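Asker: Test case, fold it:
(chains A, B, C, D, E and F)
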Number of protein chains: 6
Amino acid sequence: MPYVKIQIAKTGVTAEQKAELIRGATDLLHRVLDKPPSSTYVVIEEIDTDNWGVGGESLTVRRARTSST
Amino acid sequence: MPYVKIQIAKTGVTAEQKAELIRGATDLLHRVLDKPPSSTYVVIEEIDTDNWGVGGESLTVRRARTSST
Amino acid sequence: MPYVKIQIAKTGVTAEQKAELIRGATDLLHRVLDKPPSSTYVVIEEIDTDNWGVGGESLTVRRARTSST
Amino acid sequence: MPYVKIQIAKTGVTAEQKAELIRGATDLLHRVLDKPPSSTYVVIEEIDTDNWGVGGESLTVRRARTSST
Amino acid sequence: MPYVKIQIAKTGVTAEQKAELIRGATDLLHRVLDKPPSSTYVVIEEIDTDNWGVGGESLTVRRARTSST
Amino acid sequence: MPYVKIQIAKTGVTAEQKAELIRGATDLLHRVLDKPPSSTYVVIEEIDTDNWGVGGESLTVRRARTSST
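Answerer: Next comes the predicted model:
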């Protein structure tokens, strides 16, 4: 009964890409651990770039800094 | 100091229903483990149906398919 | 397809109590949101008292302090 | 490779405050466990006050009750 | 900077299988969203079968019941 | 009512270090958002190095490779 959570920055991921993530994660659990696809839950959480930090700064700030150089 | 997270698909759950979930989860911890209600946190996370997968497909797709048959 | 996570301090919760938590949370989702019990996942996470903090101190310290007074 | 999740009620937290939370959590892991800041992820999740319960009631209800007295 | 959590029942998953899950989830994020593998964190949480519920009962009970028929 | 989860690799973190993480995270929420310390929960989750992946490999493999060079 696997539960997979995929947390990514909210940057215009399309419904098609989400569908691929869901299919891919479900297949992975099936292939590696023989879990029936019907038993696997996948939840995608999209996080605002103000709310995701790495290296001590938000992705909003990091990307503005990177793209301005 | 229990922490309960309830993750559900976002499908028009009302404030009254959320209040019932909060009350019910708090009562459950009180009844089974004698936790004081004031110490129990309950967080409800509503997930877009594009972002919740089961059986390798999103709930959006699954429900469209089911209701069209 | 609800997913419920119950996080509690690890303090000798029995298998019977865990079974009650699972049953109770599943019933709650069924009663309030009409979710079929077979679709509800419940995960109980037991956290060591050194690893759970409230009021800026661990539960280990808090309980030692409380019981010694 | 620490991962820190900060879950708070959604009540008008500013981008500056979020930046301080990210910086502070990253510094904490660096100071206490010597983790390089570039390896620490911080995710801030803001929860609607209808969706956060304590003492068996939502923060929405609790705050209305408190402020009306 | 994706973060993937894979929660499964604790039933003797090997280090090789865990390595495959990590590789597979990292590849998935790379293939679908073009995320550099070095930026993807994968965390596998193994849950005791007493602590995982579905259909209102623990996996421990469910499996004992199923295998005894 | 903040809830902070700190997920780190399980590598001999001491009770003193955990206490510092708890104190530091609680102070951070107090300083930045004026949250009363008594309302902040901090949960530290230690993850086995086989179960934590980055760059498509587990921390176990990564560290063995790094230290052998």
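Asker: The longest helix along chain A vs chain C: in contact?
Answerer: In chain A, with assignment by DSSP state H, the single longest helix is helix A:15-33. No. Judged by C-beta under 8 Å from any C-beta of the partner chain, helix A:15-33 and chain C are separated, with a smallest distance of 12.1 Å. Using the backbone N, CA and C atoms, a C-beta is placed for each residue, glycine as well.
Asker: is any part of that helix close to chain F?
Answerer: No. Among the residues of helix A:15-33, none lie within reach of chain F under C-beta under 8 Å from any C-beta; the closest is 12.5 Å away.
Asker: I'd like the next helix or strand past that helix.
Answerer: With elements assigned by DSSP states H and E, the helix or strand that comes after helix A:15-33 is strand A:41-47.
Asker: That following strand to strand C:41-47, inter-axis angle?
Answerer: Here strand A:41-47 runs at an angle of 70 degrees relative to strand C:41-47 (axes from the mean of the first three to the mean of the last three C-alpha atoms, to 10 degrees).
Asker: Direction included, what does strand A:41-47 pair up with?
Answerer: According to DSSP bridges, strand A:41-47 has the following sheet partners: strand A:3-9 (parallel), strand B:52-54 (antiparallel).
Asker: Quick check: which of these is buried the most?
Answerer: The highest average neighbour count among the strands paired with strand A:41-47, using mean count of other C-beta atoms under 10 Å in any protein chain shown, belongs to strand B:52-54 at a mean of 25.
Asker: Which residues does the helix or strand following that strand contact?
Answerer: Following the chain from strand B:52-54 toward its C-terminal end, the next helix or strand by DSSP H and E is strand B:57-58. Applying C-beta atoms under 8 Å, 6 or more residues apart in numbering or on different chains, the contact partners of strand B:57-58 are A:15, A:18-19, A:22-23, B:49-52, B:65.
Asker: Put the buried members of these into a ChimeraX selection.
Answerer: The command below creates a ChimeraX selection of those among the contacts of strand B:57-58 that count as buried (16 or more other C-beta atoms under 10 Å in any protein chain shown):
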select /A:18,19,22,23 /B:49,50,51,52
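Asker: JSON lines for the contacts of strand B:57-58, including pLDDT and distance to residue F:42?
Answerer: What follows is these, written out as JSON lines (pLDDT from 0 to 100; distance: C-beta to C-beta, whole Å):
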{"residue": "A:15", "pLDDT": "97", "distance to residue F:42": "36"}
{"residue": "A:18", "pLDDT": "98", "distance to residue F:42": "32"}
{"residue": "A:19", "pLDDT": "98", "distance to residue F:42": "36"}
{"residue": "A:22", "pLDDT": "98", "distance to residue F:42": "32"}
{"residue": "A:23", "pLDDT": "98", "distance to residue F:42": "36"}
{"residue": "B:49", "pLDDT": "97", "distance to residue F:42": "33"}
{"residue": "B:50", "pLDDT": "98", "distance to residue F:42": "33"}
{"residue": "B:51", "pLDDT": "98", "distance to residue F:42": "28"}
{"residue": "B:52", "pLDDT": "98", "distance to residue F:42": "29"}
{"residue": "B:65", "pLDDT": "87", "distance to residue F:42": "43"}
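Asker: In chain A, where is pLDDT below threshold?
Answerer: Within chain A, the ranges that satisfy pLDDT under 70 run A:68-69.
Asker: Identify the residues contacting whatever residue of it ends up closest to chain B.
Answerer: Using C-beta to the nearest C-beta, residue A:22 is the residue of chain A that sits closest to chain B, at 3.1 Å. With contact set as C-beta under 8 Å, 6+ apart, residue A:22 has these partners: A:42, A:44, B:53, B:56-58.
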